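**Student:** For reference, the sequence and a predicted model appear below.
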Amino acid sequence: MLLFQSEAWIDKWCKRNNLPRGEVLTIDQVWELSKLWYHNRLSLEYHGRSAEQVAEVFREAGLKSEFWYV
């Protein structure tokens, strides 16, 4: 994960590093995803997630583009 101050900075970084632009999230989206992803990580009952459970976390966080489901 990389943090940028604007969309223009993302484009500059991608061009400079000859990389395609990936998915871009707002800080609010990152916060929502992190709460859903890490809320139970320290639980003794936590044993990882299935692909279906990961997809559900993404859906709950509002991440619906193809990027999250490939």
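**Tutor:** That came through, no problem.
**Student:** Would you map the helices across the protein?
**Tutor:** Along the chain, the stretches classed as helices by DSSP state H are 7-16, 27-38, 51-60.
**Student:** Residues touching the longest one, excluding its own?
**Tutor:** Applying CB atoms under 8 Å, 6 or more residues apart in numbering, the set of residues contacting helix 27-38 from outside is 1, 25, 57-58, 60-63. C-beta: built from backbone N, CA, C; applies to glycine.
**Student:** which of those residues sit farthest apart?
**Tutor:** With CB to CB as the measure, no two of the contacts of helix 27-38 lie farther apart than Met1 and Glu60, at 18.7 Å.
**Student:** residue with max distance from the center of the chain?
**Tutor:** Relative to the centre of the chain, the most outlying C-alpha is that of Leu44, 24.7 Å out, by CA atoms, centre = their mean.
**Student:** quick one: contacts for it?
**Tutor:** Taking CB under 8 Å, 6+ apart as the definition, Leu44 has no contacts.
**Student:** Next: Val24.
**Tutor:** 7, 10.
**Student:** where's Ser6 relative to Lys12, distance?
**Tutor:** 9 Å (CB to CB, to the nearest Å).
**Student:** Tell me where the model's unsure across the chain.
**Tutor:** By pLDDT under 70, the chain contains no weakly predicted segment.
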